[in-house]
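*Asks:* Kindly return the folded structure for what I paste below:
(2 chains)
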Number of protein chains: 2
Amino acid sequence: MTLVDTDTRQAALARLREAVGPKGWVEAADAGTYLTDWRGLYHGRAAAVVRPGSTAEVAAVVRLCHEAGIAVVPQGGNTGLVGGSVPHEDGAEILLSTDRLTRIRDLDPLDNTVTVEAGVVLQQVQEAAAEADRLFPLSMGAEGSCRIGGNLATNAGGNAVLRYGNARELVLGLEVVLPDGQVWDGLRRLRKDNTGYDLKQLFIGAEGTLGVITAAVLRLFPRPRQREAALVAVPDPAAAVALLARMRAGSGDAVTAFELIQRQGIDFALAHVPGTPDPLEAPYDWYVLVELTSPVAGTDLRDKLEAVLEEAFETELVVDGAVAASDTQMQAFWALREAIVEGQARLGPQVKHDVSVPVSRVPAFLEQAAAAVAAALPGVRVNAFGHVGDGNIHFNLSPPEGLDAAAFAVAEPGLTGAVYDAVAALDGSISAEHGIGRLKRGDLAARKAPLELDLMRRIKRAFDPDGLMNPGKVLP
Amino acid sequence: MTLVDTDTRQAALARLREAVGPKGWVEAADAGTYLTDWRGLYHGRAAAVVRPGSTAEVAAVVRLCHEAGIAVVPQGGNTGLVGGSVPHEDGAEILLSTDRLTRIRDLDPLDNTVTVEAGVVLQQVQEAAAEADRLFPLSMGAEGSCRIGGNLATNAGGNAVLRYGNARELVLGLEVVLPDGQVWDGLRRLRKDNTGYDLKQLFIGAEGTLGVITAAVLRLFPRPRQREAALVAVPDPAAAVALLARMRAGSGDAVTAFELIQRQGIDFALAHVPGTPDPLEAPYDWYVLVELTSPVAGTDLRDKLEAVLEEAFETELVVDGAVAASDTQMQAFWALREAIVEGQARLGPQVKHDVSVPVSRVPAFLEQAAAAVAAALPGVRVNAFGHVGDGNIHFNLSPPEGLDAAAFAVAEPGLTGAVYDAVAALDGSISAEHGIGRLKRGDLAARKAPLELDLMRRIKRAFDPDGLMNPGKVLP
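*Replies:* A predicted model of the protein is given here:
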């Protein structure tokens, strides 16, 4: 942290206030929601909370802070799960919210692009695309409140990565305010541009440590005209992985989502989310929610889905299941998927892990991680679910029945260590889609190869030599 | 260039020779093919040409060179078009060929990944995928001789980018020898990994200026079971762009290639490539070669293709055309596409431009660039063709009839300037897929925003502070 004398600091804050005007200045009394993360793990303080109304105002804020040696924490919708977008407790940092940068600057159906400012809510991007008869495929539980700048800064994943890729793959161009306040205009809408290093890739997924994303050109796709879904029971995770391969081949690579669900998650949902029905007639250990989409109208997708499932039933890859007969039933399948998360949250304290392994190793991971956490804390309840098509498992743990929160908190480091050891043994990642932020910084330091950490630090120094951009996040 | 005294240099060369052994040492008499680029624009010299047989040997070579202050030029299949993989004329550099790194280390059909060393020829990657009933979609004219390491170092494009993306989008992990000889093992096979900056993105497309790619994990896809193609005449490029949108929507986003062809190119092919037939009964100004593929067997793709074309014919987006009735006819369409390139090359000197603009601006670009070059050199013959689905046009020029090569060479800078001005006016790129190398370094310096050049230089300094990795390429 750079030391700044109090007078310089006060002068800088006064100039900041001028730079953003009354609309852009948040009084201390109203700053609460900006200073606590969504999960309530961190309660920060800030020297000021500002909401610039334009890229020029963002640049002015960052430049003033750079001159005064004040650190800046950028924030989008503040829906992150690793504490990456809230300031530290010392109150020395500025919180810069993008929530007034809400313009959709341009949408071009022929280019299949939309140019949006960082503060546009994800759902509004989706809606703008739909109005132009296009699809913006990024989709996740928080889509009603997360903002696209945060999605890009964290390289968000979500439910359709299998088909469309992570946020990174949906970006053609970026506008970024650099740590010294310069504006990099990289708002290109080109599918091909091999003129030097691909700078935008650095800012995507850097969690605001290299600059503030202020706008982006995003890719659009043809809008789906057919959507089919099925919820099926499978004997084990290996069958799920085999079913995925057959579904991809048999559907014409139309698989948009392929979610593995464990019985424990459904039990949590049934017990704690009123109105959740048990999806099939009998209970099973493992389920898959599969969704297929096609941009061509017709009924052939249903035929393909049923053909693959029929064959899978005959070869015992699938033991029971239901194909959604209507949109309502399809929404019910997805509501169940969300209820699993909500049910576990309502139960009380939990330890979440957002990990990934190569797809073929998902079954081994589930077995090994379950054994390891059971050994660390007998009776611990495992709710593993997630995007098996990407090898991404949310391996979430609730305490054994009767264990209190304090005792569970004591067990947490051991549980997380056991899960991460299983991940490491299978060449996986300890953060598949949530990022590092503040929560996993220590784990990253302990588990990432020193050479890789060194390369990351070199990049950080090259872009932010004074260390003023979201310090204490990501990098150890 | 670092100054090194002759004794140190000689000692280093002797140790290099030891490090790679007799198989890895190319005697001066045999070095010719390594020192000239494919187009014959550059004729370099090298202090040594080495062909390491393993990643460890690459690391040893680079480390020795780093210690002795000798610059290293990495080379794959040496099929690049911008002189990026040949050494300078002063003979001070080492040429490091990856052509002995030819192992396919692993292929996993469930993970849909193949792990290959840098020197594997692209076509062999394709064949290995096909043997496992999978597709590796990167495809281009040079696929029989280009090597995958070079494809990744240049972020190669090719014929299937519209559907599958550039090389960048096909990579899950990399192994890289850094400029100081350290080996970065980033050979992950994860679809999701948000643990810090995405380092692999920096090496992809850096043209060997930040390190030597020695191996990669590549993504595989379901293999096509249906393939259909049509060659159609369109009234103008605007109709081609409109047809693309309809074809994407109407085929279920099954468009794999969408190539615009100008009559001039077909005339060159007819005149200079024996056996090339005129594809349709009458000549037309503009053609489109469209290819659709689906991983599901059946005949529905043909129905969809014909339905879109029929509707396009009725609305006069298409004025004539032929659907390939057999594999042979499909190959004939693609042979015509290749003959356009060959025909112009056989005609004599040409000025090539590999540019891109947003897809919607392709018609404007073709009109404005054609007018600009005609003004610069009346009678100049424009052969514009390329991947219109990516906005990527190869805007290649042959001299007016009767103008000799020397006079055409004099006109070249004016012609290129006119084309690049048209590109800039439409927010395009002066190098869509070929890269910068040595050929376009000056153009990059003149046309890239200074801030962007500055950011690139910061990255270069962070990774290669001594400037020993492919110096004088890409960066001005």
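*Asks:* which stretch of helix or strand covers the residue nearest in space to the middle of chain A?
*Replies:* Closest to where the C-alpha atoms of chain A average out (C-alpha atoms, centre = their mean) is residue A:156, at 3.8 Å. Using DSSP states H and E, residue A:156 sits in no helix or strand.
*Asks:* Residue A:289 belongs to a helix, doesn't it?
*Replies:* No. Read with DSSP: H, G, I helix; E, B strand; the rest coil, residue A:289 is strand and lies in no helix.
*Asks:* distance of the nearest residue to it once chain neighbours are set aside from residue B:422?
*Replies:* Distances taken as C-beta to C-beta, 6 or more residues apart in numbering or on different chains place residue A:259 nearest to residue A:289, at 4.3 Å, with adjacent residues excluded. All C-beta spots, glycine's among them, are computed from the backbone N, C-alpha and C. Distance, residue A:259 to residue B:422, using C-beta to C-beta, to the nearest Å: 48 Å.
*Asks:* State the mean pLDDT of stretch A:434-448.
*Replies:* The average of the pLDDT scores along stretch A:434-448 is 96.
*Asks:* pLDDT weak spots in chain A?
*Replies:* A:1-4 (pLDDT under 70).
*Asks:* From residue B:205, how far off is residue A:218?
*Replies:* In terms of C-beta to C-beta, residue A:218 sits 21 Å off from residue B:205.
*Asks:* what does residue A:336 give?
*Replies:* According to C-beta to C-beta, residue A:336 stands 43 Å off from residue B:205.
*Asks:* Next: residue A:317.
*Replies:* Plainly put, residue A:317 is 41 Å away from residue B:205 if you go by C-beta to C-beta.
*Asks:* need the residues of the stretch 201-350 of chain A near chain B, please.
*Replies:* Taking C-beta under 8 Å from any C-beta of the partner chain as the contact definition, the stretch 201-350 of chain A meets chain B at A:201-202, A:204-206, A:210, A:221-222, A:241-242, A:245, A:248-254, A:294-296, A:300, A:304.
*Asks:* contacting residues for the closest residue to residue A:262 other than its chain neighbours?
*Replies:* With C-beta to C-beta, 6+ apart as the criterion, residue A:262 has its nearest non-adjacent residue at 4.9 Å, and that residue is residue A:384. Residues in contact with residue A:384 (C-beta atoms under 8 Å, 6 or more residues apart in numbering or on different chains) are A:260, A:262, A:264-265, A:366, A:369-370, A:393-396.
*Asks:* Let's see that with 10 Å instead.
*Replies:* Counting by C-beta atoms under 10 Å, 6 or more residues apart in numbering or on different chains, residue A:384 touches A:237, A:260-262, A:264-265, A:286, A:353, A:355, A:362, A:365-366, A:369-370, A:393-397.
*Asks:* separation between the nearest residue to residue A:204 once chain neighbours are set aside and residue B:156?
*Replies:* Nearest residue to residue A:204, sequence neighbours excluded (C-beta to C-beta, 6+ apart): residue A:168, at 4.8 Å. From residue A:168 across to residue B:156, the span is 19 Å (C-beta to C-beta).
*Asks:* for residue A:299, same thing?
*Replies:* Applying C-beta to C-beta, the value for residue A:299 to residue B:156 is 39 Å.
*Asks:* Kindly report the same for residue A:208.
*Replies:* Distance of residue A:208 to residue B:156, computed by C-beta to C-beta: 32 Å.
*Asks:* try residue A:361
*Replies:* 30 Å.
*Asks:* follow-up on the earlier one: name the helix or strand for the residue nearest to residue A:262, please.
*Replies:* Element membership for residue A:384 (DSSP H and E) is strand A:381-387.
*Asks:* Now do the buried residues in the helix or strand where residue A:419 lies.
*Replies:* Using DSSP H and E, residue A:419 maps to helix A:405-425. Neighbour counts over helix A:405-425 (16 or more other C-beta atoms under 10 Å in any protein chain shown) mark A:408, A:411-412, A:415-416, A:418-420, A:422-423 as buried.
*Asks:* now the helices for the stretch 1-150 of chain A?
*Replies:* For the stretch 1-150 of chain A, the helices defined by DSSP state H, counting those that start in this stretch cover A:6-20, A:32-35, A:55-68, A:122-131, A:148-153.
*Asks:* Could you save these as TSV and add columns showing mean neighbour count?
*Replies:* Output for the helices of the stretch 1-150 of chain A, formatted as TSV (neighbours: other C-beta atoms under 10 Å in any protein chain shown):
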stretch	mean neighbour count
helix A:6-20	15
helix A:32-35	16
helix A:55-68	22
helix A:122-131	18
helix A:148-153	30
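*Asks:* Would you format those as JSON lines with distance to residue A:472 included?
*Replies:* Output for the helices of the stretch 1-150 of chain A, formatted as JSON lines (distance: least, C-beta to C-beta, whole Å):
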{"stretch": "helix A:6-20", "distance to residue A:472": "19"}
{"stretch": "helix A:32-35", "distance to residue A:472": "15"}
{"stretch": "helix A:55-68", "distance to residue A:472": "16"}
{"stretch": "helix A:122-131", "distance to residue A:472": "26"}
{"stretch": "helix A:148-153", "distance to residue A:472": "16"}
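*Asks:* Dump the ones you listed into CSV; add distance to chain B as well.
*Replies:* Output for these, formatted as CSV (distance: least, C-beta to the nearest C-beta, whole Å):
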stretch, distance to chain B
helix A:6-20, 21
helix A:32-35, 23
helix A:55-68, 12
helix A:122-131, 14
helix A:148-153, 11
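*Asks:* so which of those gets nearest residue B:177?
*Replies:* Minimum separation from residue B:177 across those (C-beta to C-beta) falls at helix A:148-153, 30.7 Å.
*Asks:* Could you export that closest one as CSV, CA atoms only?
*Replies:* Extracted in CSV, the C-alpha atoms of helix A:148-153 (Å, rounded to 0.1, in the frame of the first residue of the first chain):
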residue,chain,number,x,y,z
ILE,A,148,-21.6,-7.6,-17.8
GLY,A,149,-18.4,-5.9,-16.8
GLY,A,150,-18.1,-8.1,-13.7
ASN,A,151,-19.0,-11.2,-15.8
LEU,A,152,-16.0,-10.3,-18.1
ALA,A,153,-13.6,-9.4,-15.3
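*Asks:* immediately after that helix, which helix or strand?
*Replies:* Next helix or strand after helix A:148-153 toward the C-terminus (DSSP H and E): helix A:161-164.
*Asks:* what's the offset of that following helix from the middle of its chain?
*Replies:* Relative to its chain's centre, helix A:161-164 lies at 14 Å (C-alpha atoms, centre = their mean, to the nearest Å).
*Asks:* how about it: buried residues?
*Replies:* Using 16+ other C-beta under 10 Å as the test for burial, helix A:161-164 gives A:161-164.
*Asks:* What does residue A:370 show for phi and psi?
*Replies:* Residue A:370 has phi and psi values of phi -60, psi -40 when expressed as degrees, to the nearest 10.
*Asks:* Now do the helices in the stretch 251-400 of chain A.
*Replies:* Per DSSP H, counting those that start in this stretch, the stretch 251-400 of chain A has helices spanning A:263-272, A:300-314, A:327-347, A:362-376. These are given in chain order.
*Asks:* quick one: the residue nearest to residue A:268 when sequence neighbours are not counted from residue A:281, how far?
*Replies:* Distance criterion C-beta to C-beta, 6+ apart; nearest residue to residue A:268, sequence neighbours excluded, is residue A:343 at 3.6 Å. For residue A:343, the distance to residue A:281 equals 21 Å [C-beta to C-beta].
*Asks:* Run through the residues that contact the nearest residue to residue A:299 once chain neighbours are set aside.
*Replies:* Closest residue to residue A:299 apart from its sequence neighbours, by C-beta to C-beta, 6+ apart: residue A:226 at 7.4 Å. Residues in contact with residue A:226 (C-beta under 10 Å, 6+ apart) are A:254, A:292-302, A:304-305, B:252.
*Asks:* ok, those residues vs residue A:466, which is closest?
*Replies:* Within the contacts of residue A:226, distances to residue A:466 taken as C-beta to C-beta reach their minimum at residue A:293, with 46.9 Å.
*Asks:* Run a quick neighbour tally on the closest one.
*Replies:* 24 (other C-beta atoms under 10 Å in any protein chain shown).
*Asks:* Tell me which residues touch it, please.
*Replies:* A:135, A:137, A:160, A:163, A:222-229, A:251, A:254-257, A:301, B:252-253.
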